[in-house]
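Colleague: Got a sequence here, can you build the structure:
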Amino acid sequence: MKNNIFTTKARQKSLVLATALLVVSAGSCSIFKKKKAKLVAATTAAAKPKVDTARNVLKPYSEIITAKAVTQKGLFTVHKINERYFFEIPNSLLKKEILAVTRLSKSTPGAGNYGGEEVGERTVFWENGPNNKLFLKVSALVSVADSTNMIAKAVASSNLDPIMAAFPIKAKSKDSSAVVIDVTEFLIGENPLMAFDASAKRAYSLGMQLADRSYIESVKSFPINTEIKSIRTYMAAPPTGPGGPLPAASLAGTVTLGMNCSFVLLPEKPMRVRYFDPRVGFFAGAYNKYSDNQQKVEKETFIHRWRLEPKDEDIEKFKRGELVEPKKQIVYYIDPATPKKWRQYLILGVNDWQKAFEQAGFKNAIVGKEWPESDTTMSLDDARFSVIRYFASPQQNAYGPNIADPRTGEIIESHIGWYHNVMSLVHRWYMIQCGAVDPRARKNKFDDALMGQLIRFVSSHEIGHTLGLRHNMGSSSTVPVEKLRDKAWVEAHGHTPSIMDYARFNYVAQPEDNISEKGLFPRINDYDKWAIQWGYKPIFGTADAEADKKILNRITIDSLARNKRLWFGGEGRDYDPRSQSEDLSDDAIKASLYGIKNLKRIVPQLINWTREDGEDYSDLQDMYKEAVGQFDRYAYHVMKNLGGVKITPKTYDQQGAVYEPVSLAKQKQAIKYFNEQVFKTPTWLLNKQILNKIEPGYDFNAVEKLQSGILASVTSQSRLYRMMVNERDYGKGAYSPRQWLNDLKSGIFTELKSGATIDQYRRNLQKMYVGSIITMYNKRFALQGSLDNILASVTPTDVLLYSNVKPLAFAHLKELRTDIGSAIARTKDADSRIHLQYLKQMLDKILNETPIPGLNY
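Modeller: Residues are numbered from 1 along each chain as shown. Predicted structure coming up:
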């Protein structure tokens, strides 16, 4: 690290010294010495730094900002003279933090990006530099300290903000209260503030920017923000794969994009932070906090939320529990490009959050509105306005980001991305998950009223993200599975307590339950209202955020103790089976069995439900694949129970364990599910009336792929390791790996006892199973090279697996060989018998320590 702080002069001196040493070591060769002497002289001359004594000379304001200037006043006063742009930066703005948000505003068809998408954001500020320069610096807010602490000096000296750009000051304003800089080249140049950074260019397969085809489209300035729109053309590589008409990007060899950069002044008075709590699902920002006290460096983490405050005259009413309107309402506008018939549903999705904010003490806190197209002072790209942007795109998606003050987490604005083809996605979901119970779902084209309600629920979900809420994938696990079939209960309470869960629709409900839309659709529910209350309800009479944290901790403990539906289960990225995407209820096994019952009703009807006279069967194929995918999801929901660990974050003042293994009984039920529903060939999926109308071979590939994927996951080394750890840590209450393999084998090889015919799917499955166990047995470490390389390549986990898995796999393979050998004689089907003979020969070889090609590694 010391080498990185050499001065330029020090580097030059080292180069001279190194060159001189080369000359001394050259011995008696006079030619070499003479040439080297010249090199030394040249290097020494180069080592003398050139001192630039020329200072940037300021000119009178009237010579720079002439009568030709077209001027706009705002955050920066903007002057345009011919094709050049000048910013007039007031001294009062120096060192004030500004949020710079860069978005796409237009896109070339086929470029893989869409107008409205965010490209990047940075916090920047202006600062005077030497020689009449103005610096634009990036605020690297990573460490803070209270200015009353001595350590604040160390923090300041350890965090130097980088200079992004330097501008010669051309003139000062007439009263010297501002400076004028020429920003033309910066606004259209390639820099990570105004356009793409290197990683974003790679993501979009963009090359260099072409200057002759790039230009500044407009610069507009408003009271708290300045907007720069540019058109930028980049080199682009044509696609390498076949298929479809070439997009415009391929035809031209370039991609032309519209970019918008918003400079938004951050609040003069930062909002009080609200500290993050892992028991409540909010997005968060963070920095390191230092103090003079004897304590470790604290990670100060705070949630993202809008600044929502009661009006001064309503504070007493608020304290009394009366609903009051906030000082500033949260407003989301609908992109005028949105088809008119869908706008009302997007607005309803926004307004649905009003009841959540009522629990936080506010009425009319949030509202959706049509974009006022006649108002020319408003721009969709203006960072002061939050907009649901509508993309004309085949992509099936929607997303809801939020732009927050990095100092406090205060949300400044949001641009939601809404892709037109998200309607295809929700159509497939609803037909496959609810077609058995809702006749409206049995159409290739839904009625507008139904599609509108589907749009409404997606809108509510994405708005939740822009309010600061993360996914709560564990929310649905708080609902007893049988309650999802209880018409009165589920219509009153909903099938999941959170719209932020990926709990889509109630696929557990059966036709005889007669459950209406109220019990099938997700809604803003108990958890969402509580989370908004936790994050947004003001706390009065406390000194600081630390005092607020203590109050919120008590509220959290009491609330979770009273109502388990308020549990936040995280994003589903751990080993907790309660927290999963697309699942339902407190019992994934029972829920999946109910879901399969409905799939068995739905699949035979897909030809009728997708029928369009004059059209081919592509919609049928898409919907059949969706049914297979849903069946696959059910299996993976069950899978997470194997080796699973329940994780419930708690503080010292809460009772109970944080980590708890999934019960042995539940894990054995999971293996039973796989043996009966997945590994036993799911013939109900092999519908001949469908398969003879779609892509040849898809039937075989779909089922085989599903079975092989599940088997690979069930027998994975990582899952085996977790089960070993659980057995070690929790003893008899855990599922032992030996018992687990025996239960698995009994389901995959049922034909060994019965002598039944082994169909093609089962033969492939059995070969894959044997191969998986052989791989466990044959695993070798590449103990080659230096000791350092060996230590780097072999982890403690590898050692544990090697020492425990090999004997386990060896014993299991021996038992399997015995069982297969006994079954061969009583197997009457010729193909089945040949298959078993092949497996026995494979096992003979491996157990006699004869290597199987391709299996040793």
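Colleague: For the top helix by length along the chain, buried residues please.
Modeller: Ranked by number of residues, the top helix in the chain under DSSP state H is helix 796-824. Within helix 796-824, the residues that count as buried by 16 or more other C-beta atoms under 10 Å are 801, 805, 808-809, 812-813, 816-817, 819-821, 823-824. Placement of C-beta: from N, CA and C, glycine included.
Colleague: Report the two of those separated the most.
Modeller: By the measure C-beta to C-beta, 801 and 824 form the most distant pair in the buried residues of helix 796-824, at 32.6 Å.
Colleague: Output the below-cut-off pLDDT ranges for the protein.
Modeller: Screening the chain residue by residue with the criterion pLDDT under 70, one finds the ranges 1-55, 107-116, 141-159, 237-252, 288-298, 697-700, 779-803, 849-857.
Colleague: Let me know the next secondary structure element after the strand or helix carrying residue 87.
Modeller: Element membership for residue 87, per DSSP states H and E: strand 84-90. Along the chain past strand 84-90, the next helix or strand (assigned with DSSP H and E) turns out to be strand 98-106.
Colleague: on contacts alone, who are the packing partners of that following strand?
Modeller: The helices and strands touching strand 98-106, judged by 3 or more C-beta pairs under 8 Å, 6 or more residues apart in numbering; DSSP states H and E, are strand 118-129, strand 254-265.
Colleague: hmm, back to that, could you pull out the buried residues of the strand holding residue 87?
Modeller: Buried residues in strand 84-90, counting neighbours by 16+ other C-beta under 10 Å, are found at 85, 86, 87, 88, 89.
Colleague: Tell me the bridge partners for the last one.
Modeller: Beta bridges link residue 89 to residue 179, judged by DSSP bridges.
Colleague: show me what contacts it?
Modeller: Contact analysis of residue 89 by C-beta atoms under 8 Å, 6 or more residues apart in numbering lists 76, 126, 134, 178, 179, 180, 181.
Colleague: just these now: which is nearest residue 67?
Modeller: Among the contacts of residue 89, residue 180 lies closest to residue 67 (C-beta to C-beta), at 15.2 Å.
Colleague: surely the closest one meets residue 61?
Modeller: Yes. Counting by C-beta atoms under 8 Å, residue 61 is a contact partner of residue 180 at 7.0 Å.
Colleague: neighbour-wise, which of those two wins?
Modeller: Using other C-beta atoms under 10 Å, the more surrounded residue of residue 180 and residue 61 is residue 180, with 23 against 18.
Colleague: which residues does the more buried one contact?
Modeller: Residues near residue 180 by C-beta under 8 Å, 6+ apart: 61, 64-65, 79, 86-89, 169-173.
Colleague: can I get those residues in TSV with distance to residue 475?
Modeller: Converted to TSV, the contacts of residue 180 look like this (distance: C-beta to C-beta, whole Å):
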residue	distance to residue 475
61	61
64	60
65	58
79	54
86	53
87	48
88	52
89	48
169	56
170	58
171	60
172	59
173	56
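Colleague: What's the separation between residue 673 and residue 596?
Modeller: 10 Å (C-beta to C-beta, to the nearest Å).
Colleague: So which of those two has more stuff around it?
Modeller: Shown here are residue 673 and residue 596; by other C-beta under 10 Å, residue 673 has more neighbours (24 against 19).
Colleague: Show me where the stretch 401-550 of the chain has its strands.
Modeller: 403-404, 411-413, 415-419 (DSSP state E, counting those that start in this stretch).
Colleague: Adjacent strands (with direction) for the longest one?
Modeller: So the one you mean is strand 415-419. Here strand 415-419 has these sheet partners by DSSP bridges: strand 386-391 (parallel), strand 398-399 (antiparallel).
Colleague: Let me know the angle separating it from strand 98-106.
Modeller: Taking axes from the mean of the first three to the mean of the last three C-alpha atoms, to 10 degrees, strand 415-419 and strand 98-106 form an angle of 20 degrees between their directions.
Colleague: Give me the neighbour count for residue 427.
Modeller: Using other C-beta under 10 Å, residue 427 is surrounded by 24 other residues.
Colleague: wait, it sits on residue 442?
Modeller: No. Judged on C-beta under 8 Å, residue 427 makes no contact with residue 442 at a distance of 11.6 Å.
Colleague: Ok, which of the strands of the stretch 401-550 of the chain comes nearest residue 505?
Modeller: strand 415-419 (20.0 Å).
Colleague: what's the angle between the closest one and strand 118-129?
Modeller: On the basis of the same axes, to 10 degrees, strand 415-419 is oriented at 150 degrees to strand 118-129.
Colleague: mind listing what's buried in strand 415-419?
Modeller: Neighbour counts over strand 415-419 (16+ other C-beta under 10 Å) mark 415, 416, 417, 418, 419 as buried.
Colleague: Show me the contact partners of that strand.
Modeller: Contacts of strand 415-419 (C-beta under 8 Å, 6+ apart): 103, 114, 116-118, 332, 335, 338, 346, 386-391, 393, 395-401, 459, 462-463, 466.
Colleague: now that strand: how far from the chain's centre is it?
Modeller: Between the centre of strand 415-419 and the centre of its chain there are 15 Å (C-alpha atoms, centre = their mean, to the nearest Å).
Colleague: Thought residue 163 was touching residue 133, still the case?
Modeller: No. With contact defined as C-beta under 8 Å, residue 133 does not reach residue 163; the gap is 9.6 Å.
Colleague: These two - which one has more neighbours?
Modeller: residue 133 (18 against 13).
Colleague: could you check the distance from that one over to residue 165?
Modeller: 10 Å.
Colleague: And the strands in the stretch 251-400 of the chain?
Modeller: Counting by DSSP E, counting those that start in this stretch, residue ranges of the strands within the stretch 251-400 of the chain are 254-265, 284-290, 298-303, 330-334, 366-370, 386-391, 398-399.
Colleague: Make CSV from those strands and add distance to residue 500 to it.
Modeller: As requested, those are arranged in CSV below (distance: least, C-beta to C-beta, whole Å):
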stretch, distance to residue 500
strand 254-265, 27
strand 284-290, 15
strand 298-303, 14
strand 330-334, 17
strand 366-370, 16
strand 386-391, 18
strand 398-399, 14
